[in-house]
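J.: sequence unknown, structure follows:
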């Protein structure tokens, strides 16, 4: 045998020979491995095998190298000339975006879900592999009316705004205006909390991942429906006692995102709404998106919020959330939101290559910062959920080996959800004018379809939602049921009347009007209730206005040792606004 030559065919032959041996050894020694659902991003032995097979197929088409022939002179004929590289004059036809996402099936399924959930209207955007597969409205803007929802109809996206505020801070980090680990007091010297250590050591990233120590939704009554600006809200809620040690446990806090919005203002020298417009909305062409309900009339084509009851949907007026815009005040459309998720799925760039958000910063937003407990139901699900966490402005979990990045939004009469599955280049937006769980139900169905799985039905989710509404109604009924029959107030009605003050929230008044008591929580003009005697010195609250988060409740007048009423305790069953945090005492 002669010594192998050094021509290209011989080199390929050498590589293939070595890889063939590798393949044989791997087949002999390596046990079979189970198929994984996650596409590996690292080196894989089977990738080597696949490469070997490709090279082997190439090798079989090549002439044998000189090293593999008997000793003798090399052939004298000239090799055939290599054909020139064929450069296509037109781009190849685009492959189907996804064989598992059928637009007709999607639209039919979404409309069927809308009807079964009794949702007046909704809009859905699905972006897959760089293409908007579906951007469409369903139903009507208001129950009982004919104006249809379309891709441009505006909805409140509520807490999905948090991702925008996190993105603005990430941009300022990239600009060198601040660092994720800056203490908040470097930018907001006035920042205070009841926990002095937390106030002193709170970092910028801490504001965005719900580990401040405050309980979930703590202090939300202070901003909801009031005209307190963000800084005043934060000043007042600084007296809230923590529910957990600082950085020890997850506790969803809108207040910390108000502070994050103030950091944006301090670090940039510009209003939060201006930064939103110039750094995100305009570059992405999100022309209909706004950050104030005051701009709705000029935009037109906006949905009406609805309170969802067991048997009907009740239209509600739009609530002004301007003072908590950084935490939940953005109003947008399916069309605009499709551009937002498309940019995120492209790693922070637009389709034409313009960088809006640095990829490095985007990955910081999507890293787990605060663990969240996984429920027994999620652990027992098939497939099970293995982890939950909160990043910076985003909730994180897993499904079928994919990382799920999502957030929900809850506004008075409008629920929404935004979900990203980066490994599948999939983004889903569901905006509704109802207070139901239809958004995650539709989202999960679409994810299953995109993964080629049999879709999860929403029947179980719908059943749980209806049961939760029934439990809620029972809570209210139990709260306002008399504990004893045939009792009377211990004093004349005038003895209950007066002004009561909560240093955190503000003043409340109780007055006698038309022979009965009336409660007014002055910071929020919507919170006016007529009081009906329930038992002893407890009265039932009947709100004069239809309110999204709660219904009737109870108020107890607490006497001092002399029998004079000096405190109020409000028991209003709900899952969002904590009336028990109000320490209302008779003002001197």
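T.: Thanks, I have the structure now. Small disclaimer: the values here were computed from a predicted structure and weren't measured.
J.: quick one, what contacts residue 464?
T.: Contact analysis of residue 464 by C-beta atoms under 8 Å, 6 or more residues apart in numbering lists residue 437. Bear in mind the C-beta positions are built from the backbone N, C-alpha and C, glycine included.
J.: in the host helix or strand of it, what's buried?
T.: Assigned by DSSP states H and E, residue 464 belongs to helix 459-480. For helix 459-480, the neighbour count (16 or more other C-beta atoms under 10 Å) marks 461, 462, 465, 469, 472, 475, 476, 479, 480 as buried.
J.: just stretch 510-526 next, same as before
T.: Neighbour counts using 16+ other C-beta under 10 Å place 510, 517, 518, 519, 520, 521, 523, 524 of stretch 510-526 among the buried residues.
J.: Dig out what the second one forms beta bridges with.
T.: Pointing back at residue 517 there. Beta-bridge partners recorded for residue 517 (DSSP bridges): residue 512, residue 531.
J.: Give me the three-state assignment for the most centrally placed residue in the chain.
T.: In the chain, the centroid-proximal residue (C-alpha atoms, centre = their mean) is residue 407; its distance is 1.1 Å. Per DSSP: H, G, I helix; E, B strand; the rest coil, the secondary structure class of residue 407 is strand.
J.: wait, it sits on residue 162?
T.: Yes - in this structure, residue 407 is within contact of residue 162 by C-beta atoms under 8 Å, at 6.6 Å.
J.: list residues touching both of these two?
T.: residue 393.
J.: Tell me the pLDDT of the residue nearest to the centre of the chain.
T.: On the pLDDT scale, residue 407 is placed at 98.
J.: Is residue 542 bridged to anything, and to what?
T.: Beta-bridge partners of residue 542, as defined by DSSP bridges: residue 530.
J.: residues contacting it?
T.: 529, 530, 531, 532, 552.
J.: quick one: it from residue 311, how far?
T.: 20 Å (C-beta to C-beta, to the nearest Å).
J.: what does residue 360 give?
T.: 51 Å.
J.: out of those two, which sits in the more crowded spot?
T.: residue 360 (12 against 7; other C-beta atoms under 10 Å).
J.: Which SSE is immediately downstream of the helix or strand hosting that one?
T.: In this structure, residue 360 sits in helix 359-365 according to DSSP H and E. Next helix or strand after helix 359-365 toward the C-terminus (DSSP H and E): strand 370-372.
J.: list the helices and strands that next one packs on?
T.: Judged by 3 or more C-beta pairs under 8 Å, 6 or more residues apart in numbering; DSSP states H and E, the packing partners of strand 370-372 are strand 388-390.
J.: Would you give the sheet partners of the strand it packs on, along with the direction of each?
T.: By DSSP bridges, strand 388-390 pairs with strand 370-372 (antiparallel), strand 395-399 (antiparallel).
J.: one step back: among the buried residues of helix 459-480, which two are most distant?
T.: 461 and 480 (29.6 Å; C-beta to C-beta).
J.: ok, the closest residue in space to residue 378 that isn't next to it in sequence to residue 401 distance?
T.: Among residues not flanking residue 378 along the chain, residue 385 sits closest, at 3.9 Å (C-beta to C-beta, 6 or more residues apart in numbering). To residue 401, residue 385 is 12 Å away according to C-beta to C-beta.
J.: If you count surrounding residues, which of these two has more?
T.: Comparing residue 385 with residue 401 by other C-beta under 10 Å, the one with more neighbours is residue 385, at 16 against 13.
J.: Let me know the secondary structure of that one.
T.: Assignment for residue 385 (three-state DSSP): coil.
J.: for the helix holding residue 360, what is the average pLDDT?
T.: 97.
J.: Which residues belonging to it are considered buried?
T.: Neighbour-count burial for helix 359-365 flags 361, 362, 364, 365 (criterion: 16+ other C-beta under 10 Å).
J.: The first one: what's it in contact with?
T.: Just to be clear, that refers to residue 361. 170, 171, 173, 174, 348.
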